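Peer 1: pasting the structure only:
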């Protein structure tokens, strides 16, 4: 799970299997089973594609770029309760996706990089499968040390082939000032948030796209961002950009409403 931003060529997506659009956690630490019970792995066939977060029993939030520009041609499934992806675990819950709802303004140039996934069946909550609450609309996390997790690549440039971990990885990452992030990455939307590792060695990377950026307060963990884009991952990383969940409340709650 290393995402380095050392290259000015933007890796605009951290999803595995989309060429330069894929990312994973670089130089991360092994998570303990159940440490991040909201974390899911999204599959395209048998290929682990992206990450995501459980927000209620029937919905998962992820990155829009993980699903391309059209409706996905290959059936996709989501696994929750996973830790070691090298073997099927008894804690796994596997669900198919019956509907995807990308943000209507999502484009490659104006990212709006968020998608709500509707599941075929609800999750069964337990200690390994739990939802995460959303960041409040008026919240400000600048300077906070938060956490990103995923099964993405651990090295760059050899970030995809034979370099994705089986054990869920995580890193601690600091929320950056918006203007500083804009100056660092060369662009940044108000619907995005930046985080960085002060050592410059750890970041999301290929395969981490769609995964969670989580901060903590007196009530516990809450979802601040969705892994979206960055520069190179792993060494001399300057920052990674995430879809800023607090800016998408209307979209999220609208898509979660039952259709009559």
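Peer 2: Yep, it's here. Every value quoted in this text rests on a predicted model; they were computed, and no experiment measured them.

Peer 1: can you give me the helices in the protein?
Peer 2: All helices of the chain, identified by DSSP state H, fall at 178-185, 249-256.

Peer 1: Name the residues that touch the last one?
Peer 2: Where contact means Cβ atoms under 8 Å, 6 or more residues apart in numbering, the residues beyond helix 249-256 that reach it are 55-56, 59, 61, 101, 103, 114, 116, 134, 137, 245. Bear in mind the C-beta positions are built from the backbone N, C-alpha and C, glycine included.

Peer 1: again with the first one
Peer 2: When contacts are taken as Cβ under 8 Å, 6+ apart, the neighbours of helix 178-185 outside the stretch itself are 5, 10, 142, 176, 188, 190, 193-194, 196, 230-231, 238-239, 241.

Peer 1: Stretch 90-110 now?
Peer 2: Residues beyond stretch 90-110 that count as contacts (Cβ under 8 Å, 6+ apart) turn out to be 12, 33, 64-65, 67, 71-72, 75-83, 112-121, 123-124, 126, 128-129, 189, 248, 251, 255.

Peer 1: And for residue 227, the neighbour number?
Peer 2: Look at residue 227: counted by other Cβ atoms under 10 Å, it has 39 neighbours.

Peer 1: same check, this time on the one 10 residues further on
Peer 2: Applying the criterion other Cβ under 10 Å, we find 29 residues in the vicinity of residue 237.

Peer 1: again, but for residue 201
Peer 2: Residue 201 is flanked by 15 other residues according to other Cβ under 10 Å.

Peer 1: Quick check, it in contact with residue 232.
Peer 2: No - with contact defined as Cβ atoms under 8 Å, residue 201 and residue 232 do not form a contacting pair (11.9 Å).

Peer 1: Tell me how far residue 67 lies from residue 188.
Peer 2: Noted for residue 67: a distance of 23 Å to residue 188, by Cβ to Cβ, to the nearest Å.

Peer 1: who has more neighbours, the two?
Peer 2: Taking residue 67 and residue 188 together and counting by other Cβ under 10 Å, residue 67 has the greater number of neighbours (23 against 20).

Peer 1: Now do the contacts for the more buried one.
Peer 2: Shown here is residue 67, whose contacts under the criterion Cβ under 8 Å, 6+ apart are 100, 102, 115.

Peer 1: Spatially, what comes nearest to residue 174 if we skip its sequence neighbours?
Peer 2: If you skip the residues right next to it in sequence, residue 174 has residue 145 as its closest partner in space, 5.4 Å away by Cβ to Cβ, 6 or more residues apart in numbering.

Peer 1: quick one: the one you found and residue 172 touch, right?
Peer 2: Yes - with contacts counted by Cβ under 8 Å, residue 145 reaches residue 172, the gap being 5.3 Å.

Peer 1: What residue spans form the domains of the protein?
Peer 2: As assigned by automatic domain parsing, the chain contains the domains 19-32+133-246, 39-131+249-256.

Peer 1: got a markdown table for those, with mean pLDDT too?
Peer 2: Formatted as a markdown table, the entries for the domains of the chain read as follows, by pLDDT from 0 to 100:
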| stretch | mean pLDDT |
| --- | --- |
| domain 19-32+133-246 | 84 |
| domain 39-131+249-256 | 88 |
